[in-house]
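Visitor: how would this look folded up:
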Amino acid sequence: MDRKKKIISIQLVIFLFASFLLYDTYRDKNKKIEKVEEVTKIEIKTNPEVNSFDDIEYSGFDLNGNRYILTAGDAEFKTGKPEAIDMKNVVANFYLKDDTILEVFSDEGFYNNITLDMKFKKNVKVSYLTNVLLSDQLTYSNSSGKLLASGNVQGESVEKGEFFADNVEYDLTKKILNFSMSDKEQIKIKIKE
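Guide: I've put the predicted structure just below:
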């Protein structure tokens, strides 16, 4: 009988130990499931009226025959107005007929894929040959072939110096700059000698 008691005692200890392990395993598993449920409660908001894209590129020719490539990190448009595209992290390259390149960089932008008009906003930087222009906003009108920089416009040319103005208009065809001020203040130009 002694042996039977030992076997029953060992079986009872093994059964209790196995029961404890099962209880401990499932008790921890329930806690883990609760934590996972907390993480998966992320709400994804979608709007069926807005389409969004990443890393987009538009290219073509403007009405003056200049080729352009327009890229953006993020873009979106409203379903009811697909031609009006709002963009972020924008880069535009205009390949002009004389084999020069005009580059535009901005934090935000707008592109109309029917009229091919573009608007660049926030931290706008234009680079052309050895010239740099900074402004709050830059508008490209495809029908007139002109760029209009406005808001805190400042420019620098390695050869010619620097300038400050409220508005600067650049004609891509004639390659002429027109400066203007909104108030009575004069345009400031510092010419290098």
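Visitor: what ranges does the chain have for its helices?
Guide: With DSSP state H as the criterion, the chain has helices at 2-39.
Visitor: which stretches of it have low pLDDT?
Guide: For the chain, the stretches with pLDDT under 70 are 1, 24-46, 182-193.
Visitor: count of residues packed around residue 54?
Guide: Close neighbours of residue 54, defined as other CB atoms under 10 Å, add up to 8. No exception for glycine: its C-beta is placed from N, CA and C like everyone else's.
Visitor: ugh, typo on my part, it should be residue 180
Guide: With neighbours defined by other CB under 10 Å, the count for residue 180 comes to 13.
Visitor: what bridges to it?
Guide: Taking DSSP bridges, one finds residue 167 as the beta-bridge partners of residue 180.
Visitor: quick one: contacts for it?
Guide: Taking CB atoms under 8 Å, 6 or more residues apart in numbering as the definition of contact, the neighbours of residue 180 are 165-169, 187.
Visitor: any chance of a markdown table for those, columns neighbour count?
Guide: Below are the contacts of residue 180 laid out as a markdown table (neighbours: other CB atoms under 10 Å):
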| residue | neighbour count |
| --- | --- |
| 165 | 23 |
| 166 | 17 |
| 167 | 17 |
| 168 | 23 |
| 169 | 17 |
| 187 | 14 |
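Visitor: which ones are touching the nearest residue to residue 176 once chain neighbours are set aside?
Guide: In space, residue 176 comes closest to residue 170 once its chain neighbours are excluded; the distance is 7.4 Å by CB to CB, 6 or more residues apart in numbering. Contact partners of residue 170, counting by CB under 8 Å, 6+ apart, are 146-149, 176-178.
Visitor: ranking by neighbours, what's the top pick from those residues?
Guide: Note: the member of the contacts of residue 170 with the most neighbours is residue 149, at 26 neighbours, neighbours being other CB under 10 Å.
Visitor: in the sheet, who's paired with that one?
Guide: Per DSSP bridges, residues listed as beta-bridge partners of residue 149: residue 138, residue 168.
Visitor: just use 203 as the starting number from now, easier for me
Guide: OK, 203 is where the count begins now, so the last one is residue 351.
Visitor: that one contacts residue 337, doesn't it?
Guide: Yes. With the criterion set as CB atoms under 8 Å, residue 351 and residue 337 qualify as a contacting pair; they are 4.0 Å apart.
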